[in-house]
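**Q** Task: produce atomic coordinates for the following.
(chains A and B)
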Amino acid sequence: MNMENELRKALRRESSPAGFADRVVAKAGQPVPRPHQPWWKFRPLVFANAFALTGVLFIGGVMYQRHEEQRALEARRQLVTALNVTKASLQKAQERIRRVAAKPIL
Amino acid sequence: MKRLLLSAVIAICAALSAHAQAPFDLASLDKLEARAKNRTNITLDGPLLKLAASFLGASDDKDAAQIKALVSNLTGVYVRGFEFDKDGQYSDADLETLRAGLRRAPWSRIVEVHEGGELSEIWVAQTPAGDKFAGVAIIDAEPRELTVVYISGVISPDDVARLNGRFGINVDALDRKIKPGNNGNSNKKKDQAQ
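**A** The predicted structure follows:
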């Protein structure tokens, strides 16, 4: 009997304190505060990102430098070829002048 | 005073543009590419020309230093060369567009030699001061070969003579010096025509 009374008392409907519903609704609208984590707690991730970025920049720099060097070598080859062609053309002109001048005038 | 200044600026701009612009359009020779067995097509201007000059060789190399000095005043070097299988693959009319541009001031022909079926023409544009050239154009025509060279920029008659190899710039020697360890390609750029 005693146990029955205690159970009834425990399961009895009780009204919530005044303003409880308003407080719950107000809380629900607020962002959940996240616990502040200092940056060093993410150190492995920070270091991994920095390492990857440095690697990308280094490889990119080396590739760009190689590309520019190839471009310069090709340009230089073309310049030397152009100078050789110019020289050959000038020499041909000189030869022709010499040959024409050497011909006897009738 | 302002009008005088404006006129001077316009005159200088006009003179500069006249010297900077090519006297002809080398694209007028493009149609010969299809008929050519071998062709050389070189266009070096602006930063690419400076880049090429900077890679010419060590600063203590005499030949390289001379060519660097020569190239430093140039604004462009253009070469169009064609080799044909047989005679008659191009005509004098194909060169008329070039000559029409060269007949205009400040260009003048200083060499014209006809020998058999061969022809050499050297045209120069003089600077306003008259002591140097603002450009040099060379037409070298043979029955099976046609070469057109156009050099723009300030170049002295001595530089032209140096290019001819008479005063010590030996381009072949320079080419031999820079070949090993670099590209090692053949000296003359000749693309096989399809």
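**Q** Who are the contact partners of residue B:80?
**A** Residue B:80 makes contact with B:26, B:29, B:39, B:40, B:41, B:42, B:146, B:147, B:148, according to Cβ atoms under 8 Å, 6 or more residues apart in numbering or on different chains. Glycine gets a C-beta too; all of them are placed from N, C-alpha and C.
**Q** tell me the two of those residues that are most distant?
**A** B:42 and B:146 (14.6 Å; Cβ to Cβ).
**Q** neighbour-wise, which of the two wins?
**A** residue B:146 (23 against 18; other Cβ atoms under 10 Å in any protein chain shown).
**Q** now the most centrally placed residue in chain A, what's its secondary structure?
**A** Nearest to the mean C-alpha position of chain A, counting by Cα atoms, centre = their mean, stands residue A:53 at 7.3 Å. Under the three-state scheme (DSSP: H, G, I helix; E, B strand; the rest coil), residue A:53 adopts helix.
**Q** swap in residue A:78?
**A** helix.
**Q** how much space between the nearest residue to it once chain neighbours are set aside and residue A:4?
**A** Excluding the flanking residues, the one nearest residue A:78 by Cβ to Cβ, 6 or more residues apart in numbering or on different chains is residue B:42, at 4.8 Å. For residue B:42, the distance to residue A:4 (Cβ to Cβ, to the nearest Å) stands at 109 Å.
**Q** Can you get me a residue count around residue 77?
**A** Using chain A here. 23.
**Q** my bad, chain B
**A** 25.
**Q** what's the answer for residue B:150, then?
**A** Count around residue B:150 with other Cβ under 10 Å applied: 25.
**Q** helix/strand/coil for residue B:81?
**A** strand.
**Q** what sits against it?
**A** A:85, B:38, B:39, B:40, B:41, B:145, B:146, B:147, B:148.
**Q** Next, the distance between the ends of stretch B:116-134.
**A** Distance across stretch B:116-134, first residue to last, is 31 Å (Cα to Cα, to the nearest Å).
**Q** And for that stretch, what's in contact with it?
**A** Looking at what lies outside stretch B:116-134 - Cβ under 8 Å, 6+ apart - the contacts are A:89-90, A:92-93, A:96-97, B:15, B:19, B:23, B:87, B:102, B:106-113, B:135-143, B:152-157, B:160.
**Q** Now, of these, which are buried?
**A** A:89-90, A:92-93, A:96, B:19, B:23, B:102, B:106-107, B:111, B:113, B:135-142, B:152-155, B:160 (16 or more other Cβ atoms under 10 Å in any protein chain shown).
**Q** Filter the residues you listed down to the ones in strands?
**A** B:107, B:111, B:113, B:135-142, B:152-155 (DSSP state E).
**Q** could you give me the average pLDDT of stretch B:118-125?
**A** The average pLDDT for stretch B:118-125 rounds to 93.
**Q** And for stretch B:93-106?
**A** Stretch B:93-106 carries an average pLDDT of 89.
**Q** Check whether that stretch comes near chain A.
**A** No - counting by Cβ under 8 Å from any Cβ of the partner chain, chain A has no neighbours in stretch B:93-106; the shortest distance is 14.0 Å.
**Q** That stretch: which residues count as buried?
**A** B:94, B:95, B:98, B:99, B:101, B:102, B:106.
**Q** Distance of residue A:56 relative to chain B?
**A** Using Cβ to the nearest Cβ, to the nearest Å, we find residue A:56 at a distance of 26 Å from chain B.
**Q** cool, residue A:17 as well?
**A** Remark: distance between residue A:17 and chain B (Cβ to the nearest Cβ) = 80 Å.
**Q** rewinding a little: among the buried residues of stretch B:93-106, which are in helices?
**A** Within those, residues falling in helices by DSSP state H are B:94, B:95, B:98, B:99, B:101, B:102.
**Q** The first one is in contact with residue B:33, isn't it?
**A** No - counting by Cβ atoms under 8 Å, residue B:33 is not a contact partner of residue B:94; they are 11.7 Å apart.
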